[in-house]
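Q: sequence unknown, structure follows:
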């Protein structure tokens, strides 16, 4: 699962410098960056399928399918350390209606730095309760983490390079500052992500990756 986490974290890193708009009021290009961690679901960990019998992988043996959706985040960057909270919903469907039933699903919340370093990881559980005779059910979930504001803040010179206005006609107007290896390395070092997904077994992960 580590490779899937790294894949998602790398994608989040590329979006670390967000655009407030292509041009500002003077015609200059504006780039902004938030110190708050990005929040994402790593590839192949956003859904889980259980089978009955467990060893089967046939479609007719599918018991319950659950998906993490509506992922949102809040972040307080006015404090050090910062607190970032991800809220989400787990939507589940069972293959056949039956009596009321509860399905407990484990999920993880991992803080990554620079797309490669695992800073922390927590595992929680969320209970989805199917009402009598109902095929669908959902449950809210939440994950929180803290990140050092100092560690997530870019050096002043790098911040100046990223935020400097570039007007059409300037020699470097069309040059992305992220193409500078030093700038990119600094942004990578200061970039954190909170990744949320189902805590899958190797078999479950392989099923998601190959279906």
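A: In hand now; what should we look at? What you see is a predicted model; the values in this text were computed from it and never measured.

Q: in the sheet, who's paired with the most centrally placed residue in the chain?
A: The structure's the chain has its C-alpha centroid closest to residue 40; by Cα atoms, centre = their mean the separation is 1.2 Å. Note on residue 40: beta-bridge partners residue 195, judged by DSSP bridges.

Q: Quick check: it touching residue 193?
A: Yes. Here residue 40 lies in contact with residue 193, judged by Cβ atoms under 8 Å, at a distance of 6.1 Å. Glycine gets a C-beta too; all of them are placed from N, C-alpha and C.

Q: quick one: the helices in this protein?
A: Along the chain, counting by DSSP state H, helices occupy 2-14, 156-163, 181-189, 202-210.

Q: Which of those has the lowest mean pLDDT?
A: If the helices of the chain are sorted by mean pLDDT, helix 2-14 sits at the bottom with a mean of 47.

Q: neighbours around residue 139, how many?
A: Neighbour count of residue 139, defined by other Cβ atoms under 10 Å: 17.

Q: now do the one 10 residues further on
A: The number of residues packed around residue 149, counting by other Cβ under 10 Å, is 16.

Q: Residue 193 too?
A: Using other Cβ under 10 Å, residue 193 has 29 other residues around it.

Q: same deal with residue 134?
A: Residues near residue 134, counting by other Cβ under 10 Å: 14.

Q: Relative to residue 94, how far out is it?
A: 8 Å (Cβ to Cβ, to the nearest Å).

Q: Next: residue 108.
A: Per Cβ to Cβ, residue 108 is found 23 Å from residue 94.

Q: Tell me, what's the model's pLDDT at the residue nearest to the centre of the chain?
A: Model confidence at residue 40 (pLDDT) stands at 96.

Q: Next one: it from residue 125, what distance?
A: Distance from residue 40 to residue 125, by Cβ to Cβ: 21 Å.

Q: what does residue 98 give?
A: 22 Å.

Q: can you check residue 106 too?
A: Per Cβ to Cβ, residue 106 is found 5 Å from residue 125.

Q: The two: which is more packed in?
A: Neighbours per residue (other Cβ under 10 Å) separate residue 106 from residue 125, with residue 106 holding more: 13 against 10.

Q: Just give me the neighbour total for the residue lying closest to that one once chain neighbours are set aside.
A: Nearest residue to residue 106, sequence neighbours excluded (Cβ to Cβ, 6 or more residues apart in numbering): residue 199, at 3.9 Å. Look at residue 199: counted by other Cβ under 10 Å, it has 17 neighbours.
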